[in-house]
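In: Just the structure for this:
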Amino acid sequence: MNRECLDAAILQIRAYTQGHPELCAAHHFCYGLPLDTTAQKPEVLVMGINPGEIEEDRLSYPGPTEETWNHDFHEKGKLERSRGSKNYRRNARCFADNRPVVFTEFFLWSSSDGTQFKQRFGPLWRSPHLPFCISMNQRLIQEYRPKSVIFVGLSHSRRVADAFGLCHVHTVKIDGERLVEHYQDECRPWFFTKHWAGTYGFSNAQKQHIKEYIQPRLD
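Out: I've put the predicted structure just below:
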């Protein structure tokens, strides 16, 4: 793992952010953030579609800022980490079976919801910033070489898979509802899961089914 390469990537994202007013409007970007900074090399990369953003983030720490190896605004802010952030990290640890985790986002910059995303950045798949995000995440994967990737959310699974050149392996359905889309790149499995937020109807039973499918296949 080349830390210098990843540090250079973070500097590149900072510079790219400053060059685009619409990106500076986001409170933060997320890229290469370890779940535990004392852990060894990450084995599981957890990727969302883009970072969430709440008003408390701005009250806690002024933006634009970041969640990276070098700086996590949650650790520097006036307020403690939100319940949603704590739950997300708890679920990541659960699905990764307590293996070292690193977080990133498919689109790096934050928004509060889909409406704000479109107002700030336009439609995701027509965004001029998306190729940059994909290239940065490819660099992250090349450097960390995780054993597996867990992607939070199913809505964009097919297009994300196309963006990273993945092959479909299996669909997991329980009671007619998709819970996991299992893909594979040349080196590792990718697991797209139903979104972990309760607002998406994510239940404890579904969480258990996802865990039982993913954990034996993490290697």
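
In: List phi and psi for F29.
Out: Note on F29: its backbone torsions stand at phi -120, psi 160 [degrees, to the nearest 10].

In: Isn't it up against F107?
Out: No. With contact taken as C-beta atoms under 8 Å, F29 and F107 are classed as non-touching, separated by 9.1 Å. (Glycine included, C-beta is placed from N, CA and C.)

In: Looking at those two, which is more packed in?
Out: Each of F29 and F107 had its neighbours counted (other C-beta atoms under 10 Å), and the higher figure belongs to F29 (27 against 24).

In: Can you give me the distance of that one to W109?
Out: With distances defined as C-beta to C-beta, to the nearest Å, the gap from F29 to W109 amounts to 5 Å.

In: so what's in contact with those two at the same time?
Out: Common contact partners of F29 and W109 (C-beta atoms under 8 Å, 6 or more residues apart in numbering): T17, L23, P51.

In: From S203, how far out is the second one?
Out: It stands for L23. According to C-beta to C-beta, L23 and S203 sit 35 Å apart.

In: quick one: which of the two has more around it?
Out: Ranked by neighbour count (other C-beta under 10 Å), L23 and S203 place L23 first, with 20 against 11.

In: and the more buried one, helix, strand or coil?
Out: With DSSP: H, G, I helix; E, B strand; the rest coil as the basis, the three-state label of L23 is helix.

In: Contacts only, for it.
Out: Neighbours of L23 in contact, by C-beta under 8 Å, 6+ apart: Y16, T17, F29, P64, W109, F121, H129.

In: Which strand or helix spans the first one?
Out: The one in question is Y16. Using DSSP states H and E, Y16 maps to helix 3-18.

In: quick one: average pLDDT of that helix?
Out: For helix 3-18, the per-residue pLDDT values average out at 94.

In: swap in stretch 152-168?
Out: pLDDT averaged over stretch 152-168 equals 98, rounded to a whole number.

In: Can you give me the buried ones in the helix or strand of the chain with the lowest mean pLDDT?
Out: For the chain, scoring each helix and strand by mean pLDDT, DSSP states H and E identifies helix 73-76 as the least confident one, at a mean of 92. Taking 16 or more other C-beta atoms under 10 Å as the neighbour-count basis, helix 73-76 is seen to contain the buried residues F73, H74.

In: now could you export just the CA positions of that helix as CSV?
Out: The C-alpha atoms that make up helix 73-76 are tabulated as CSV, following Å, rounded to 0.1, in the frame of the first residue of the first chain:
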residue,chain,number,x,y,z
PHE,A,73,-14.3,16.4,10.4
HIS,A,74,-16.4,14.3,12.8
GLU,A,75,-13.3,13.9,15.0
LYS,A,76,-12.6,17.7,15.0
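
In: What is it packed up against?
Out: Helices and strands touching helix 73-76, by 3 or more C-beta pairs under 8 Å, 6 or more residues apart in numbering; DSSP states H and E, are helix 55-60, strand 65-67.

In: Out of those, point me to the one whose mean pLDDT is lowest.
Out: That would be helix 55-60, which, of all the helices and strands packed on helix 73-76, carries the lowest mean pLDDT at a mean of 94.

In: chain center to that helix, what's the gap?
Out: When C-alpha coordinates are averaged (C-alpha atoms, centre = their mean, to the nearest Å), helix 55-60 and its chain have centres 20 Å apart.
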